[in-house]
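[1] sequence plus predicted model, see below.
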Amino acid sequence: MWRSFLPVVALAAMACGSPPPPVSGLWVGDARIGDAVDRIEITIDSAGGARITLRSWSLSDAAASITRNSFDTLVIQTPVGGDTAYFRGATGERRWAGVAVRGKDTAAFDLRQLHPMLDEDWQQIVGTYRTGRGRLFGIGRLSEFGMQPMLVDYQTGRIGPLYPLSDRLFLYGSSVIAPLLPGDTADLASDGLRLAEAGKTPVVAVRLNTRDEQVTFENGPVRLAGTLTLPATPSPWPAIVLVHGSNALTRDVFGPWTRFFAGLGFAVLAFDKRGTGGSTGDWKQADFATLAGDVIAGVRFLQGRSDIDQDRIGLWGASQAGWIMPIVAVRAADDIAFMIVHAGSGTTVAEQGRLNLAYELRFSARSEKAVATGMQYHALDDNATRTGRGLEAVRSFYEAHRGSEPWLWEPAPADAWFRTYYRMLMDFDPSPWWLRVKCPVLFFYGELDANVPPAESWPPIEAALRRGGNPSVTQVVLPGANHLLLSAKTGARDEYPHLSHFVPGYFEGMRQWLGTLNP
């Protein structure tokens, strides 16, 4: 999945005659290179240093220097390989726009100077908002796309980062990464959050009186840290424990869902996966049963609170969580009232990896010859992981084909942590666990999900649940949705940064389904 690739960049303001307007601070915006658009971020400090990041030009926290800073013009330069890139543009009204040149390449850029905000400032803004007609909005982090808080409109599905232009006025980005501009504005007015979108009537939403408690609980020797978000309604509350997907994820990956469920009146427990954030342990040494134990520990923690309805504790989880949640539901069968599974695979881990590669290559418009090459390479690599033998064959195949197929990944060493980790998980089959799940379950899949394609991922779960006699199963395939259930065109990974909406029916579908459960 996408990680934050927006490191802060630094520049220094220089005097030239009369002092120019202050340019220190963080600048963000877009760089348009041909038909493509990429994010550019610059931070200007007052110490004389300069750095810049623009992925398309292989600039990542690159050292730079200011060559001109006047009342209306700012120019910086930075080396790129054996070349030099120049960024020259006009400044004014906290905007810097112009053209960057690197050899024969050019990029039109447009940036905005941001107002500085501390974490404690954001804590006064993050939360759930509701209009007088019940329309919900959420502000929280979705760390798949960086640590900038996102604003989600749960009615339209729109999601975009919030960037402060002042202590009250925010730029609402046009997509999760790029383009950021032109964006819209969100204003913290005296009557609430006022959202002004182009061509639409402004709406005002009031921040609900939800409350975040920092909590810890234990699973054996492992101490798990998290946030329990309490709704504004009277207790005792129904509750939802959020279950992680793969890799090193903290509670910050759950922002949109935490705020949504809190707005529906649920207490929500989001915790740092073991070995991340404030949690101890090591997720790289944990199998699915161990991770399920962490989730059960969270459920037990909630059961120990008098303000939680112990008969209405459920789970929500995405992706890898689909292998963990059925274990929880079986091992804690009397304690799990319901589950919502977002893109859960019913295949083995190894089969899911094979499907993911094939779909990703096809969604990226690669040829069938490339797909066949990828499948052969993937099989060699998996065999080397499973058996500990055959790595030389993997390396030979890679060297023979990387020229014609530059997307091939370099083989990991035999002692790489990932091989040990993957060997532990690769043959896990969730079907025996789904066979024994008896609680109500809602499944969502994306039509364009390359990671967990529904045509192959759902049938094993469906068959197991049917054999097990679970009568309360609902499955929805959302048209045009990718793995995150964002509205997509191809489903390919490279379009993720440019997306801007969850697909219709996702949040509303969860709201309606939860309303059908016994109170």
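    Sure, I can see it.
[2] look at residue 477 and give its secondary structure.
    strand (DSSP: H, G, I helix; E, B strand; the rest coil).
[3] let's number from 183 now, not from 1
    With 183 as the first residue, the last one maps to residue 659.
[4] wait, it touches residue 636, no?
    Yes - under the criterion of Cβ atoms under 8 Å, residue 659 makes contact with residue 636 at 5.2 Å. In this view, the C-beta of every residue, glycine as well, is placed from N, C-alpha and C.
[5] more neighbours, those two?
    residue 636 (22 against 14; other Cβ atoms under 10 Å).
[6] next, that one: phi, psi?
    Reported as degrees, to the nearest 10, the phi and psi values for residue 636 are phi -60, psi -30.
[7] and if you look at residue 383?
    phi -70, psi 130.
[8] burial count for it?
    Residue 383, neighbours per other Cβ under 10 Å, totals 6.
[9] and the pLDDT for it?
    pLDDT for residue 383: 94.
[10] which ones are touching it?
    Not one residue lies near residue 383 by Cβ atoms under 8 Å, 6 or more residues apart in numbering.
[11] tell me how the protein divides into domains.
    193-295, 301-389, 393-529+611-698, 532-607 (automatic domain parsing).
[12] what ranges in the stretch 283-432 of the chain fall below the confidence cut-off?
    Low-confidence segments of the stretch 283-432 of the chain (pLDDT under 70): none present.
[13] tell me where it has helices.
    For the stretch 283-432 of the chain, helices defined by DSSP state H, counting those that start in this stretch occupy the ranges 301-305.
[14] what segments of it are strands?
    287-295, 309-312, 318-322, 332-335, 341-346, 351-354, 366-371, 374-378, 385-389, 393-401, 404-412, 419-425 (DSSP state E, counting those that start in this stretch).
[15] so for residue 611, which of these sits nearest?
    strand 419-425 (18.8 Å; Cβ to Cβ).
[16] quick one: average pLDDT of the helix or strand following that closest one?
    Tracing the chain C-terminally past strand 419-425 and defining elements by DSSP states H and E, one meets helix 437-445 next. Averaging pLDDT along helix 437-445 yields 98.
[17] surely residue 654 is in contact with residue 622?
    Yes - in this structure, residue 654 is within contact of residue 622 by Cβ under 8 Å, at 3.7 Å.
[18] would you mind telling me which of those two has more residues around it?
    residue 622 (21 against 14).
[19] ok, now how distant is that one from residue 267?
    Distance of residue 622 to residue 267, computed by Cβ to Cβ, to the nearest Å: 56 Å.
[20] cool, and residue 699?
    Residue 699 is 57 Å from residue 267, by Cβ to Cβ.
[21] between those two, who's got more neighbours?
    Counted by other Cβ under 10 Å, residue 699 and residue 267 do not tie: residue 267 has more neighbours, with 23 against 15.
[22] quick one: that one and residue 247 touch, right?
    No - using Cβ under 8 Å, residue 267 is not in contact with residue 247, being 11.6 Å away.
[23] common neighbours of the two, please.
    259, 260.
[24] quick check: which of the domains of the chain is buried the most?
    domain 393-529+611-698 (a mean of 20; mean count of other Cβ atoms under 10 Å).
[25] for it, how far is the first residue from the last?
    For domain 393-529+611-698, the first-to-last residue distance is 26 Å (Cα to Cα, to the nearest Å).
[26] how far does it sit from the chain's center?
    14 Å (Cα atoms, centre = their mean, to the nearest Å).
[27] low-confidence regions, the stretch 583-701 of the chain specifically.
    For the stretch 583-701 of the chain (pLDDT under 70), the answer is 700-701.
[28] any chance you could map the strands in it?
    623-628, 655-660.
[29] parallel or antiparallel, list what pairs with the last one.
    Strands flanking strand 655-660 in the sheet, each with its direction: strand 623-628 (parallel) (DSSP bridges).
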